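A.B. asks: Here's my sequence, what's the structure:
(one chain, ligands or ions: 1)
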Amino acid sequence: MAIGELISSLSSNPYFGAGFGLFGVGASAAILRKGLQGAVVLFRRHMMITLEVPCRDKSYQWLLKWITIKGARKTQHLSVETTFLQNDNGKIRTTYDFIPSIGKHLFQYKRNWIQVERTREQQTLDLHMGVPWESVTLTAFGNNKQIYFDILEEARQLALQATEGKTLMYTAMGSEWRPFGHPRRRRPASSVVLDEGISSRIIADCKDFIGNSLWYTQRGIPYRRGYLLYGPPGCGKSSFITALAGELEYGICLLNLSERGLTDDRLNHLMNVAPEQTIILLEDIDAAFISREATLQQKSAYDGLNRITFSGLLNCLDGVASTEARIVFMTTNYLDRLDPALIRPGRIDLKEYIGYCTQHQLEQMFKKFFGEQEVAKSTEFAQRIVATGRTVSPAQIQGFFMRHKSSPPQLVVDSCHSIWENDEK
Ligand code: ADP
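C.D. replies: Numbering: from 1, shown residues only. Sure thing, here's the model as predicted:
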């Protein structure tokens, strides 16, 4: 049979004809769908720009805030971030920050429509933080990347504004530093009364160090400086470091050396990745190793594991290298408990004793509280206390003044013996 005949007999067969028709419809639908998909892909590739910001990126939190404040105000789908804010007087206020919830949001920026998609991976964890992996993707029409630079810059400026005049505190989470608590209002250096010259000496030393990067690089000396403040509790070591950070416009990275899980490697890593313009603060540096001796005595199988070692700490202090000025502050109540190896220059370049109140400090604190005009009474107050021969910390003086904040200055002078009352109870 000729081929022509075969085709004509098949097409005259109604069953075969219908099948062929259906096949034709199905095939063209599939082609159309493929074509459409291709067109969408092409459209997205050439006519739209997207920006993905993963949660590990520095700008992630800024961007979320910015989106909420600037664009997605009208969105009805928000998630909440609750924070507690403690005032200087101890009063706690709760604040609620709304950020765009998981999902898609649309907003307008400089006459461009932008789609924001915040996604959360259920299966993937950010291993450092132990939280679900999140990202924000911005999609806009056109191919002008500038719009994203503008957005990120605006978000950064907004975040900076929020922390202007404030001191940022960071704490170590996993292997990275995270801001912790709300930024605190900068504490003026003058609010911490130390003995004559100490405060200005440390501030001048820090400023000199920060301003002299060339001196260090030209001589191949690591650009870091270690400070140790030692002395009894309640004399202003921590308060002074906070005030100093404010003065230098630096943040503070707080590290607790006796924390479990802080190994030598982690400490080393953390010291090297501390955010720029921060002071690394190691408080009660003696405690980490005292407790180590105690744990060794207990001879428990688990104690002493996952802790830093003394040589590990020394290596970390020696190894902190950075092109940025790296300032490490350490505090201790007991200088004599520190190993001489820790205090040698290069690890600790400047150490200062922050001690009990001197006559000068007592006078200054009195005047700060009851007015600069009270010169004679401040001198009398200071002399009477010094004459007792007893030690008193600025924290005790502060407590005593608080109890007498509405008393006339002469009564405060006359009742100065009651400073120690609370201690004796
Ligand atoms: P330290 O770190 O030496 O133990 P803190 O800085 O924690 O002492 O001080 C405890 C409290 O006492 C703080 O509330 C602080 O305001 C007050 N205080 C301590 N020292 C001073 C000081 N020299 N001048 C003003 N206030 C002080």
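
A.B. asks: Just give the number of residues close to I327.
C.D. replies: For I327, the neighbour count with other CB atoms under 10 Å is 25. Every C-beta, even on glycine, is put in place using the N, C-alpha and C of the backbone.

A.B. asks: Taking the centroid of the chain, which residue is nearest it?
C.D. replies: The residue lying closest to the centre of the chain (CA atoms, centre = their mean) is P179, at 2.3 Å.

A.B. asks: Check the secondary structure at E259 for me.
C.D. replies: Put simply, E259 is coil when judged by DSSP: H, G, I helix; E, B strand; the rest coil.

A.B. asks: How many residues are close by it?
C.D. replies: 14.

A.B. asks: got it, and R224?
C.D. replies: Neighbour count for R224, taken as other CB under 10 Å: 23.

A.B. asks: Spatially nearest residue to it, not counting backbone neighbours?
C.D. replies: R326 (4.0 Å; CB to CB, 6 or more residues apart in numbering).

A.B. asks: now L228
C.D. replies: K351 (4.1 Å).

A.B. asks: what about L313, distance to V412?
C.D. replies: L313 is 45 Å from V412, where distance means CB to CB, to the nearest Å.

A.B. asks: try G251
C.D. replies: Separation of G251 from V412 (CB to CB) stands at 37 Å.

A.B. asks: can you pull the contacts of the residue nearest to L228?
C.D. replies: 227-230, 335, 343 (CB atoms under 8 Å, 6 or more residues apart in numbering).

A.B. asks: C357 versus the residue in the stretch 151-300 of the chain positioned nearest to the ligand, what's the distance?
C.D. replies: Residue of the stretch 151-300 of the chain nearest the ligand, by CB to the nearest ligand atom: G236 (2.8 Å). G236 sits 10 Å away from C357, going by CB to CB.

A.B. asks: Spit out the residues that contact the two alike.
C.D. replies: Common neighbours of G236 and C357 (criterion: CB under 8 Å, 6+ apart): P394.

A.B. asks: Can you give me the separation between the residue of the stretch 151-300 of the chain closest to the ligand and V41?
C.D. replies: 64 Å.

A.B. asks: Between these two, point out the one with more neighbours.
C.D. replies: Neighbour count, other CB under 10 Å: between G236 and V41, G236 has more, with 26 against 10.

A.B. asks: from memory that one sits against Y353, does it?
C.D. replies: No: the criterion here is CB atoms under 8 Å, and G236 misses it with Y353 at 11.7 Å.

A.B. asks: rewinding a little: neighbour-wise, which of L313 and V412 wins?
C.D. replies: Neighbours around L313 and V412, counted as other CB under 10 Å, are more numerous at L313. The numbers are 24 against 21.

A.B. asks: Show me what from this structure comes close to the ligand.
C.D. replies: Contact residues (CB under 6 Å from any ligand atom) of the chain with the ligand: 192-194, 233-239, 394-395, 398.

A.B. asks: List only buried entries from those.
C.D. replies: 192-194, 234-239, 394, 398 (16 or more other CB atoms under 10 Å).

A.B. asks: on that earlier part again, out of the residues of the chain next to the ligand, which sit inside helices?
C.D. replies: Per DSSP state H, helices hold the following members of those: 237-239, 394-395, 398.

A.B. asks: Take those residues and write them to JSON lines, including distance to I203 and pLDDT.
C.D. replies: Listed next are those as JSON lines, based on distance: CB to CB, whole Å; pLDDT from 0 to 100:
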{"residue": "K237", "distance to I203": "15", "pLDDT": "95"}
{"residue": "S238", "distance to I203": "16", "pLDDT": "93"}
{"residue": "S239", "distance to I203": "14", "pLDDT": "93"}
{"residue": "P394", "distance to I203": "18", "pLDDT": "95"}
{"residue": "A395", "distance to I203": "22", "pLDDT": "94"}
{"residue": "Q398", "distance to I203": "22", "pLDDT": "93"}
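
A.B. asks: which one of the residues you listed sits closest to K104?
C.D. replies: Comparing these against K104 with CB to CB places S238 closest, at 45.9 Å.

A.B. asks: how close does the residue nearest to L228 sit to A341?
C.D. replies: 14 Å.

A.B. asks: all strands for the stretch 1-150 of the chain, in order.
C.D. replies: Taking DSSP state E, counting those that start in this stretch as the test, the strands found in the stretch 1-150 of the chain are 48-54, 78-86, 92-100, 103-109, 112-126, 131-141.

A.B. asks: Could you tell me the least trusted of these?
C.D. replies: Out of the strands of the stretch 1-150 of the chain, strand 78-86 stands lowest, with a mean of 61 (criterion: mean pLDDT).

A.B. asks: Got the phi and psi for the closest residue to S239 other than its chain neighbours?
C.D. replies: Spatial nearest neighbour of S239, chain neighbours left out: V192 (4.8 Å); criterion: CB to CB, 6+ apart. Backbone geometry at V192, expressed as degrees, to the nearest 10, gives phi -110, psi 110.

A.B. asks: coming back round to it: export the buried ones among the residues of the chain next to the ligand as TSV, with columns for distance to L257.
C.D. replies: Output for these, formatted as TSV (distance: CB to CB, whole Å):
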residue	distance to L257
V192	24
V193	28
L194	25
G234	21
C235	21
G236	21
K237	15
S238	15
S239	20
P394	25
Q398	28
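
A.B. asks: Just give me the closest of those to T171.
C.D. replies: S238 (14.7 Å).

A.B. asks: Report the contact partners of the closest one.
C.D. replies: 283, 331.

A.B. asks: just use 58 as the starting number from now, easier for me
C.D. replies: In the new numbering, first residue 58, that becomes S295.

A.B. asks: any idea where the strands of the stretch 208-357 of the chain begin and end?
C.D. replies: Secondary structure of the stretch 208-357 of the chain by DSSP E, counting those that start in this stretch: the strands cover 223-224, 226-230, 233-236, 241-242, 281-287, 308-312, 335-339.

A.B. asks: name the helices or strands packed onto the longest one?
C.D. replies: Right, strand 281-287. Here strand 281-287 touches helix 255-267, helix 294-305, strand 383-389, strand 407-410, going by 3 or more CB pairs under 8 Å, 6 or more residues apart in numbering; DSSP states H and E.

A.B. asks: Let's have the ones you listed in CSV, adding distance to P465.
C.D. replies: Shown next, in CSV, are the helices and strands packed on strand 281-287 (distance: least, CB to CB, whole Å):
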stretch, distance to P465
helix 255-267, 30
helix 294-305, 28
strand 383-389, 37
strand 407-410, 35
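
A.B. asks: Of those, which is nearest L374?
C.D. replies: Nearest of the helices and strands packed on strand 281-287 to L374, taken as CB to CB: strand 383-389 at 6.8 Å.
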